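Trainee: pasting the sequence and the predicted model now:
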Amino acid sequence: MGPQSGAGEAVPAPWALAPDAYPTQRLFRLQAESTKEGGSLRLVLRLESPDRYRLTISDRLGRSLYTVDATPDGGWLLDHRQRRACRLGPDLALGGVPLEAFAPAMLPRVLLGRVPAEPSGRVSRTDAGRIEFRDLRGRRWTVERRGGAIVGWVAWRGGEPVVWWRRLDDEALLSDRIRGVQMRWRQVAREPLDEPLPPAAVPSGYASGPCAEGAATAGVSGAR
């Protein structure tokens with residue numbers, strides 16, 4: 001059970017989505033930059049439940065590049081340019097987007113400002129609102145909160161911060177120091193998701209296969 005607010009209403013744990021986060025559909029504008037290139041992306045997130053969602057990634061002209069169609073037991077990653085589909089595994093590999101270490105179910109949590117990992121055991125808390133824990137893979141996470149709201153988190157490797165997220169007014173910033181990639185995004189629209197998502201399926205004419213490296217990745221160059 002999560003911590004309680006002053007009014008007695010349960011406050012979601014930092015790694016959990018708030019109950020009013022779904023079912024919704026949202027539009028995000030995202031700017032991605034790497035050491036070599038950069039570009040703008042349009043993201044539409046249709047979130048039915050914490051582990052059932054569809055994320056469509058388009059370029060700035062609205063041309064669909066990729067779809068992540070996640071279900072509780074997996075789902076599909078669709079490459080619309082190559083007309084390829086691959087089964088989602090425990091990790092999500094989108095080249096140019098620093099999410100390789102996260103399970104697909106964690107992607108909505110990243111976009112909505114939650115922590116994309118769950119503790120495997122004891123959670124340490126300080127009076128200043130800082131939280132620290134290790135996930136199921138043994139990775140260390142630190143979370144900073146103010147007034148109960150998450151304002152930043154860091155994923156560590158050894159004693160070095162490797163991925164960090166921070167809230168900047170109405171924007172969010174995610175930086176991957178290992179890959180030299182940075183994303184900045186903001187939500188520009190939100191409305192209820194009135195109907196359940198259709199079953200995840202491979203479109204007609206798409207080749208299917210394993211998610212081999214480079215076979216179905218959303219590179220920053222595709223956002224130009």
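Mentor: Nice, I can see it. None of the values given here were measured: they were computed from a predicted structure.
Trainee: point out where this structure drops to low pLDDT.
Mentor: 1-10, 35-37, 91-102, 211-224 (pLDDT under 70).
Trainee: tell me where it has helices.
Mentor: 107-111 (DSSP state H).
Trainee: show me what contacts the spatially closest residue to E171 that is not a sequence neighbour?
Mentor: Once flanking residues are discounted, E171 sits nearest to R186: 4.6 Å by Cβ to Cβ, 6 or more residues apart in numbering. For every residue, glycine as well, the C-beta is placed using N, CA and C. R186 is in contact with 28-29, 170-172, counting by Cβ atoms under 8 Å, 6 or more residues apart in numbering.
Trainee: okay if I get these as JSON lines plus neighbour count?
Mentor: Shown next, in JSON lines, are those (neighbours: other Cβ atoms under 10 Å):
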{"residue": "F28", "neighbour count": "20"}
{"residue": "R29", "neighbour count": "16"}
{"residue": "D170", "neighbour count": "8"}
{"residue": "E171", "neighbour count": "14"}
{"residue": "A172", "neighbour count": "21"}
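Trainee: from W185, how far out is the residue lying closest to A70 once chain neighbours are set aside?
Mentor: Taking Cβ to Cβ, 6+ apart, and ignoring the residues beside it in sequence, A70 has P104 as its nearest neighbour in space, at 4.6 Å. P104 sits 18 Å away from W185, taking Cβ to Cβ, to the nearest Å as the criterion.
Trainee: and these two? which has more neighbours close in?
Mentor: Neighbours were counted for P104 and for W185 using other Cβ atoms under 10 Å; P104 has more, 22 against 18.
Trainee: relative to G129, how far out is that one?
Mentor: For P104, the distance to G129 - Cβ to Cβ - is 29 Å.
Trainee: likewise G74?
Mentor: 36 Å.
Trainee: please apply the same query to I178.
Mentor: 27 Å.
Trainee: just to revisit the earlier point, so the residue nearest to A70 is in contact with P72, correct?
Mentor: No - counting by Cβ atoms under 8 Å, P104 sits too far from P72 to count as a contact (10.5 Å).
Trainee: what's the neighbour count on the closest residue to V202 other than its chain neighbours?
Mentor: Leaving aside its sequence neighbours, V202 sits nearest to A85 (Cβ to Cβ, 6+ apart; 4.3 Å). Counted by other Cβ under 10 Å, the residues lying close to A85 total 22.
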